[in-house]
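Novice: Output the structure for:
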Amino acid sequence: MLSPELLHGIRDRAPDHDARNSFFFDDLTALREAGYLRPRSLTAAARDQRMLAAHAPATALGMTMHLVWMGVARDLAAAGDDSLAWVARDCEAGELFAFAISEAGNDRVMTDSVTRVDRVPGAPDGSGAGWSFTGTKIITSLSPAWTRLGVLGRHDPADADPAIVHGFLLRESPVSTPDRLELHPAPGIALTPDWDSLGMRATQSWTTRLDAAFIPDERVSRILPVGPTLDPFLLAISANFLTLMAAVYAGLADRALELAVESAHRRTSLKNGGAPQSADPDIRWRVADAALALDALAPQIEAVCRDRDAGLDRGARWFRDLAGLKQRAVVTAREVVDQCMHIAGGGAYRAGDELSRLQRDVLAGIYHPSDPESVHATVAADLLGPLP
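Specialist: A predicted model of the protein is given here:
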């Protein structure tokens, strides 16, 4: 579905989106028409995301959020759980899914929340019971365009243990367009167009404020205890999010290496009598070093995808393996881009240079869950057991 023509168009638009700090509406339209939003295996999705990221990292990062929910619905259905069958149906109908999970000060991510959830016996319009969500979510990618938003919050009943409620908010058409930004997409939901980041600018990951935003019972996907759990729903989110995130940063590094090789052939060295930099031993070492690091990612990503698609049960070890994969991909991508900047020389330091943009984009990887501290805590707990 990612034809050369589609990919070249997306790559051509990426510098302008970065410079204007604008959302990738044109890319989204082209990808939707090509069938990119449809569910598929994790292996296929990861390969597609790596290719897309090599052409426009921010577009690929944004699309990751939608593809994660497609993967969660697929994984649960494969395990005999049809609770998210409606997600696949909405996707086929053209809906765009996104995440609103991150919160300032919440480093427990999905196992706790500072968003308050209250039980509503009957909806304000009389349609039935559900839950109201009040809180502020940050870094909500796809903010101008999502129509289905996955959220979570904490419910603290007076007579029972606290719980985390997972559900989906709906935003009906029409959605935002380049000349009309919809800041109040539904009752109780307000968007703040405050995304002015160093990199990954086209994701337009705005702040989302919820004020008694209502989710009916039929759109609630899970109610889980506060704290870590092996529930298949959370595992499916982690598996799809972390694996596709790894693929995005691997794809970004693929493009950086490609640009560095082109630069080495193009630039010449007075020190070496006008020979191309590709003949310089130091440059050759840097190119090889970057390639060796990048080559190690593909087998890891493919192995995780293969085992997830086959339904292999690694138990609690999955969380260690998935967090480690994302961490290695981000660290490797940053190292590769850094090497490529050395290879390309000072010309790549211009703000409008593609490699310069990739260096800014790759930095975003350190802010996605799981962060390095969480990854190391997960691995330590797997090896040494939980802290007392």
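
Novice: For the protein, give me the ranges with low pLDDT.
Specialist: Along the chain, the model assigns pLDDT under 70 to residues 123-127.

Novice: Under a three-state scheme, what state does the spatially most distant residue from the centre of it occupy?
Specialist: For the chain, the largest distance from the centre (Cα atoms, centre = their mean) belongs to residue 273, which lies 46.6 Å off. Of the three states, residue 273 takes coil under DSSP: H, G, I helix; E, B strand; the rest coil.

Novice: What distance do you get for it to residue 279?
Specialist: Distance check for residue 273 against residue 279: by Cβ to Cβ, to the nearest Å, it reads 10 Å. Backbone N, C-alpha and C define where each C-beta goes, glycine included.

Novice: just residue 118 next, same as before
Specialist: 68 Å.

Novice: cool, and residue 292?
Specialist: From residue 292 to residue 279 the distance is 20 Å (Cβ to Cβ).

Novice: Please state the backbone phi and psi of residue 211?
Specialist: The phi/psi pair for residue 211 (degrees, to the nearest 10) reads phi -130, psi 90.

Novice: for residue 168, same thing?
Specialist: According to degrees, to the nearest 10, residue 168 has phi -130, psi 130.

Novice: Show me what it bridges to in the sheet.
Specialist: Residue 168 has these beta-bridge partners by DSSP bridges: residue 150.

Novice: got a list of what residue 367 touches?
Specialist: Contact analysis of residue 367 by Cβ atoms under 8 Å, 6 or more residues apart in numbering lists residue 139.

Novice: right, and the helix or strand after the lengthiest helix in the chain?
Specialist: If you go by DSSP state H, the chain has its longest helix at helix 232-266. Where DSSP states H and E defines the elements, the next helix or strand beyond helix 232-266 is strand 268-269.

Novice: Starting from whichever helix or strand comes after that next one, tell me which strands it pairs with and how they run.
Specialist: For strand 268-269, the following helix or strand on the C-terminal side (DSSP H and E) is strand 275-276. Applying DSSP bridges to the sheet, strand 275-276 is found paired with strand 268-269 (antiparallel).

Novice: now what about the partner strand, what contacts it?
Specialist: Residues contacting strand 268-269 (Cβ under 8 Å, 6+ apart): 274-277, 279-280.

Novice: Let me know the closest of these to residue 310.
Specialist: Nearest to residue 310 among these: residue 277, at 44.8 Å, using Cβ to Cβ.

Novice: my guess is that closest one contacts residue 271, does it?
Specialist: No: look at residue 277 against residue 271 with Cβ atoms under 8 Å: they stay out of range, at 10.1 Å.

Novice: So for those two, which residue has more residues nearby?
Specialist: Per other Cβ atoms under 10 Å, whichever of residue 277 and residue 271 has more neighbours is residue 277, with 21 against 8.

Novice: ok, now how distant is the more buried one from residue 3?
Specialist: On the measure of Cβ to Cβ, residue 277 and residue 3 end up 33 Å apart.

Novice: Repeat that for residue 140.
Specialist: From residue 140 to residue 3 the distance is 30 Å (Cβ to Cβ).

Novice: Check residue 71 too.
Specialist: 23 Å.

Novice: between those two, who's got more neighbours?
Specialist: More neighbours surround residue 71 than the other of residue 71 and residue 3, with 26 against 10 (other Cβ under 10 Å).

Novice: Need phi/psi at the more buried one.
Specialist: Residue torsions, per degrees, to the nearest 10, at residue 71 are phi -70, psi -40.

Novice: Surely it touches residue 239?
Specialist: Yes: Residue 71 is within contact range of residue 239, at 7.4 Å (criterion: Cβ under 8 Å).

Novice: Between the two, which contacts overlap?
Specialist: By Cβ under 8 Å, 6+ apart, the residues touching both residue 71 and residue 239 are residue 42.

Novice: Would you map the strands across this structure?
Specialist: Using DSSP state E, the strands of the chain run over 97-100, 116-120, 130-140, 148-155, 163-170, 189-192, 206-216, 220-225, 268-269, 275-276.

Novice: Can I get these in CSV including distance to residue 314 and mean neighbour count?
Specialist: Putting the strands of the chain into CSV (distance: least, Cβ to Cβ, whole Å; neighbours: other Cβ atoms under 10 Å) gives the following:
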stretch, distance to residue 314, mean neighbour count
strand 97-100, 24, 26
strand 116-120, 31, 17
strand 130-140, 29, 21
strand 148-155, 24, 23
strand 163-170, 23, 22
strand 189-192, 37, 18
strand 206-216, 32, 20
strand 220-225, 20, 16
strand 268-269, 50, 14
strand 275-276, 47, 14
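
Novice: before we move on, the earlier item: next one: the residue farthest from the centre of the chain from residue 77, what distance?
Specialist: Relative to residue 77, and taking Cβ to Cβ, residue 273 is found at 64 Å.

Novice: Would you check that residue 265 makes contact with residue 276?
Specialist: Yes: if you go by Cβ under 8 Å, residue 265 and residue 276 touch, sitting 5.6 Å apart.

Novice: residue boundaries of the helices in the stretch 1-150 of the chain?
Specialist: 4-20, 25-33, 42-53, 57-78, 85-92 (DSSP state H, counting those that start in this stretch).

Novice: Just the buried positions in the fourth one, please.
Specialist: Okay, so that is helix 57-78. Of the residues in helix 57-78, 57-77 count as buried by neighbour count, 16 or more other Cβ atoms under 10 Å.

Novice: ditto for the last one
Specialist: By neighbour count, and taking 16+ other Cβ under 10 Å as the criterion, the buried residues in helix 85-92 are 87-88, 90-91.

Novice: What is the nearest of those residues to residue 31?
Specialist: Checking the buried residues of helix 85-92 against residue 31 with Cβ to Cβ, the nearest one is residue 91 at 12.9 Å.
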